[in-house]
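K.L.:
need a 3D model of the following:
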Amino acid sequence: MNYIPGKNLIAPDSLSRMPIDDSSGSKELEEEIEAYIHKISLQNIYTKDEDIVQIIQAQILDKECQEVKQFVRSKWPTKIKLTSDIKNYYSIRNKLSLVDDLLLRSNRMIIPKNLRPIMLNKLHAGHLGITKTRIRAKRNMWWPGISKDIELKVKSCPACVQNSRNKQEPLVASSLPDYPWQKVTMDLFKLENKWYIIITDCYSRYFEVEELVRMRMRDVIKVCKATFSRHGVPQSIFTDSGTQFQNLDSSEFRRFMKEWSFTIFTSSP
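P.N.:
Okay, the predicted model is just below:
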C-alpha cells in the first residue's frame, strides 16, 4: 500500500465525499431555529400581550389581511394582478412575515381597518405632535397610509389646534442706551461657595465682577458706589427680584437709590 498526498489525487475518493443522510436532525434544527425566530420577533413588539391577541383576532376577520397572509405563506403574484388595496403591500412584501398567525412588517404589527381609529387615538395619547406620533407608531404598528392618517389626526385634534394658536411671543430686544453707563444691569451669583456681584454696562457690554466678603446690603452698596465713582452714576439699574432689591422704600438699596438719583427696575418674579 502506497500513500499518495491528497493534492496529487486526480479524482477524489467517492466514499469519503458521500454525504450522510441526516434529514431527521436537519428538520429538528429547522424547527428550533423557527421557534427561536418567532420568540425573538414577539419580544421585539412593544405592546401588551392582550393587544397582540386582539390584533390577531381582528386580522382573522379582515379580508385584506387574510389575502396578504395567503401571499406571505405562498408566493406573491405580479403587481398588475393585485387589487388596489393589496397593491399597497407589494413594495414591502419582502418585509412581511407571519409569527403565530400575526401579520408583521418587520417588528411592526399590521393593523386591520376596524382597529385603525382606536390605534390612532392610542398613538395620539398625550397630544403629541405629528413627528413624535409617527415615531411612536414606528415602534410597533403599521398600515398603508399611516403617516397621512397621523397627520390628519393631529391637525383635527381640538386641543392641538388650540395649543398651536397660543404661540410664544417673540423676544423683544431692549433699546441701546445713548451713552456708556446710562443703563446698567446688576446681579448676584455664587461660585465655589463665594458670592459675587456683577455690574454690566448696557451700552458697551463692559462688566465688572467683585467678590462679596459677606452677603449684606451695605457690602453691595459699597461696591456700587466704587463702580459708579469710576464710570459715572447710571440713570437706570436693572436687577432681578431678589430680596436685596425689593420694592420697599425702607430698604437700604432704596435709600441708596434716592440719594444717588437713579431708578431701579426689577424683572418679573
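K.L.:
identify the residues contacting the host helix or strand of Ala159?
P.N.:
Assigning secondary structure by DSSP states H and E places Ala159 in helix 158-165. Helix 158-165 has contacts (Cβ atoms under 8 Å, 6 or more residues apart in numbering) with His127, Gly129, Val154, Lys155. C-beta coordinates here come from the backbone N, C-alpha and C atoms, glycine included.
K.L.:
show the contacting residues for the closest residue to the second one other than its chain neighbours.
P.N.:
Right, Gly129. Closest residue to Gly129 apart from its sequence neighbours, by Cβ to Cβ, 6 or more residues apart in numbering: Val154 at 6.3 Å. By Cβ under 8 Å, 6+ apart, the contact set of Val154 is His124, Leu128, Gly129, Ile130, Thr133, Cys160.
K.L.:
ok, now Thr200?
P.N.:
Thr200 neighbours (Cβ under 8 Å, 6+ apart): Val184, Thr185, Met186, Tyr206, Phe207.
K.L.:
which is the succeeding secondary structure element to the helix or strand containing it?
P.N.:
In this structure, Thr200 is located in strand 194-201 according to DSSP H and E. Following strand 194-201 in sequence order, the next helix or strand is strand 207-212 (DSSP H and E).
K.L.:
who does that next one pair up with?
P.N.:
strand 194-201 (antiparallel) (DSSP bridges).
K.L.:
list buried residues within the contacts of helix 158-165.
P.N.:
Val154 (16 or more other Cβ atoms under 10 Å).
K.L.:
low pLDDT regions in the stretch 51-200 of the chain?
P.N.:
165-169 (pLDDT under 70).
K.L.:
which parts of it are strands?
P.N.:
96-99, 102-105, 108-110, 141-142, 183-191, 194-201 (DSSP state E, counting those that start in this stretch).
K.L.:
partner strands of the second one, parallel or antiparallel?
P.N.:
Strands adjacent to strand 102-105 in the sheet, as given by DSSP bridges, are strand 96-99 (antiparallel), strand 108-110 (antiparallel).
K.L.:
tell me which of those is the most buried.
P.N.:
strand 108-110 (a mean of 22; mean count of other Cβ atoms under 10 Å).
K.L.:
contacts for that strand, please.
P.N.:
45, 47, 52, 55, 59, 65, 68, 96, 102-104, 138-143.
K.L.:
just the buried ones from these?
P.N.:
In the contacts of strand 108-110, the ones that pass as buried (16+ other Cβ under 10 Å) are 45, 52, 55, 59, 65, 68, 96, 102-104, 140-143.
K.L.:
ok, back up a step: I'd like the strands paired with strand 102-105 as JSON lines, with distance to Trp195 appended.
P.N.:
Shown next, in JSON lines, are the strands paired with strand 102-105 (distance: least, Cβ to Cβ, whole Å):
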{"stretch": "strand 96-99", "distance to Trp195": "64"}
{"stretch": "strand 108-110", "distance to Trp195": "57"}
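K.L.:
quick revisit: now the contacts of Thr200 in TSV, with distance to Ile118 and neighbour count?
P.N.:
Output for the contacts of Thr200, formatted as TSV (distance: Cβ to Cβ, whole Å; neighbours: other Cβ atoms under 10 Å):
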residue	distance to Ile118	neighbour count
Val184	61	28
Thr185	55	19
Met186	58	23
Tyr206	63	13
Phe207	59	13
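K.L.:
just curious, which of these is nearest to Phe228?
P.N.:
Val184 (8.7 Å; Cβ to Cβ).
K.L.:
my read: the closest one touches Tyr203, true?
P.N.:
No. In this structure, Val184 is not within contact of Tyr203 by Cβ atoms under 8 Å, at 9.0 Å.
K.L.:
centroid-nearest residue for this protein?
P.N.:
Lys132 (6.8 Å; Cα atoms, centre = their mean).
K.L.:
can you list contacts of stretch 79-98?
P.N.:
Contacts of stretch 79-98 (Cβ under 8 Å, 6+ apart): 41, 64, 67-69, 71-73, 76, 103-106, 110, 144-145.
K.L.:
which of these fall in helices?
P.N.:
Ser41, Glu64, Glu67, Val68, Lys69, Phe71, Val72, Arg73 (DSSP state H).
K.L.:
mind listing what the last one touches?
P.N.:
If I follow you right, that is Arg73. Leu98.
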